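> Need coordinates for the below:
(one chain, ligands or ions: 2)
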Amino acid sequence: MFRNICFLLIAAKLNLMVLLLLATSFSSCLNERAMELALTEKEDNDGKEQDEKESLVEESHLDSEDLEVFYPTNQWQVVQPGQAIPAGLHVQLNLQTGERLAKLPDDSNEKSDLKDSPKTKRLGHVNIDPSSFTTQELKKALAKMKESMKTDDILEQKIRQEDVKKRFRSIDKLKEEFKELSLQLETEFEIMFKLIDKFNSSTSTLEEKIAALRDLEYYVHQVDNAKDLLSLGGLQLLINGLNSTEPLMKEYASFVLGAALSSNPRVQVAAIEGGALQKLLVILATDQSLPVKKKALFALSSMLRHFPYAQQQFLKLGGLQVLRNLCTEKGMEALHVRIVTLLYDLMVEKLLLKESQGDSDQTKEKTQQYNQVNLVPAIVEQGWCTIISNLLGFPEHDTREKVLKTVQVLLDFCSDSYKGDHHLNNALNLLRQEYEVLAAEEQKEEDEGGYFKEILSSINSIAQQLK
Ligand SMILES: *[C@@H]1O[C@H](CO)[C@@H](O)[C@H](O)[C@H]1NC(C)=O
Ligand SMILES: *[C@@H]1O[C@H](CO)[C@@H](O)[C@H](O)[C@H]1NC(C)=O
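Ligands and ions are numbered 1, 2, ... in the order given. You can find the predicted model right below:
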């Protein structure tokens, strides 16, 4: 505890230090930059386009012909924009006002320190004693400085200049990005509004409506946009689209709905109140193309996951039978693994909640809701045990993995039908042979147990429990 507080204090101190460092480096940076501007301005006098864009200190144009000079005293004075500051002065930046202040060093000690500083060295043999300068003299001195810098120090100067430019260019870039970002924040709602309007308009063609839905699907993945879909009345329009006579409309309305529903309790509640569940089940229970059913199943899955109330309604409305019929329907094989995955997820969801028995009111309420979802008894009653185990015949590893996991979860409940099931026994034996080979090959390539080894251990564990 104490250690934590201490650590926090240190962190706070570090932050402060970083801030101070930033402030000091920033002010010296500004100072040097002002000098550079004064110098480069003279250099590029013949109208060459140069660094003005990156001019960080002041936007005002520096005219080299009447270069203003700052007359330093022992007191802090404000340096006006465009004024050149002789080297060797103390310069401060007032972070609140953005003003620069400059004054002469307090005593000769400091002066000699300054002379030995890299900055003084860089300025070479030009000896500056600002207090004795007239405007003309300073101009001359500056010109001379430039001469000297052209020789040995010019490279260092250039590098540093580039460095400063880069740093401030990146700040400019950041600002640009911020601008774009806030612009985006403003318009995303507007975009949603326009898309919904396009979708709802009686003058839009079917193609235009589908295009609007495609775009909407992109936006509603974001939780905030999904909420806007709700407040703009778009959700009900989508639900209405589910029983459109146009298959494409059903498909894309389901698609957008599924995306908006994903892990979004507010949309889930509104959708079930809007009648989405019944309409999705109608799509799945009637004669529709595979793409339409695929998207409807996607929307149904998003609707049911982590929403026990919807799961309860799903069972009441006969949703499980609808899914079971799909598992025997020709041409719908692509949906089988999706259906098993959904059932597996819903069963595990409930089991995990039971394991994580917390005492919070929220957990209690959730547990109560889940207690009313009698999914596993319905699964057993409707003959899913063998429907699921028969899917082990699919050739894809992913499907088999999913089915094996589901069989494992169901093992205790389906023991009546699984024990003495020769079909299942044969399937497990065949799979064991296949995955023993694959797991051995896998082990040659990797040190750790891999994917096939895991599948093999599922097979063995199921076979063991069926004995
Ligand atoms: C859709 O259009 C109808 C008829 O023009 C209008 O009454 C309704 O408010 C619109 N709904 C949305 C969400 O824009
Ligand atoms: C869709 O269902 C709603 C009621 O839920 C109904 O009012 C509407 O007429 C149906 N649309 C079509 C095209 O069948």
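> List the contacts of the residue of the chain found nearest ligand 1.
For the chain and ligand 1, the shortest gap (CB to the nearest ligand atom) falls at G233, measuring 3.0 Å. Where C-beta positions appear, they are placed from N, C-alpha and C, glycine not excepted. Applying CB atoms under 8 Å, 6 or more residues apart in numbering to G233 gives the contacts I196.
> can you count the residues close to the residue of the chain found nearest ligand 2?
As assessed by CB to the nearest ligand atom, ligand 2 sits closest to N243 within the chain, at 3.6 Å. Residues near N243, counting by other CB atoms under 10 Å, number 15.
> Quick check: it is in a helix.
No. Counting by DSSP: H, G, I helix; E, B strand; the rest coil, N243 is not part of a helix but coil.
> And it, how close does it get to L281?
According to CB to CB, to the nearest Å, N243 stands 11 Å off from L281.
> Also G274?
Relative to L281, and taking CB to CB, G274 is found at 14 Å.
> Now do the nearest residue to G318 once chain neighbours are set aside, the pLDDT please.
Among residues not flanking G318 along the chain, L281 sits closest, at 7.6 Å (CB to CB, 6 or more residues apart in numbering). If you check L281, the pLDDT there is 98.
> got it, and K111?
41.
> The one 4 residues further on too?
Per-residue confidence at K115 stands at 38 (pLDDT).
> burial measure for A296, as a count.
Neighbours of A296 (other CB under 10 Å): 27.
> Pretty sure K419 sits against A463.
No. If you go by CB atoms under 8 Å, K419 and A463 don't touch, sitting 11.7 Å apart.
> need the residues of this protein near ligand 2, please.
The chain comes close to ligand 2 at residues 243-245, 275, as judged by CB under 6 Å from any ligand atom.
> Stretch 275-293: which residues count as buried?
Judged by neighbour count using 16 or more other CB atoms under 10 Å, the buried positions of stretch 275-293 are 276-277, 279-285, 288, 291-293.
> returning to what we had before: pull the most distant pair out of the residues of the chain next to ligand 2.
Pairwise distances across the residues of the chain next to ligand 2 (CB to CB) peak at 17.4 Å, for the pair T245 and G275.
> Report whether V78 is found in a helix, as I expect.
No. Assessed with three-state DSSP, V78 is strand; it does not lie in a helix.
> so who does the closest residue to the residue of the chain closest to ligand 2 other than its chain neighbours touch?
Nearest non-adjacent residue to N243, counting by CB to CB, 6+ apart: K279, 5.3 Å away. The neighbours of K279, taking CB under 8 Å, 6+ apart as the test, are 239, 242-243.
> Check E188 too.
219, 225.
> D215 and L195 touch, don't they?
Yes. Using CB under 8 Å, D215 makes contact with L195 at a distance of 5.3 Å.
> the more surrounded of these two?
L195 (25 against 17).
> Give the residue spans of the stretch 51-200 of the chain that score low on pLDDT.
51-71, 81-99, 105-158, 161, 164-171, 174-175, 177-187 (pLDDT under 70).
> what does it put close to ligand 1?
So far as CB under 6 Å from any ligand atom goes, the stretch 51-200 of the chain lies against ligand 1 at 196-197, 200.
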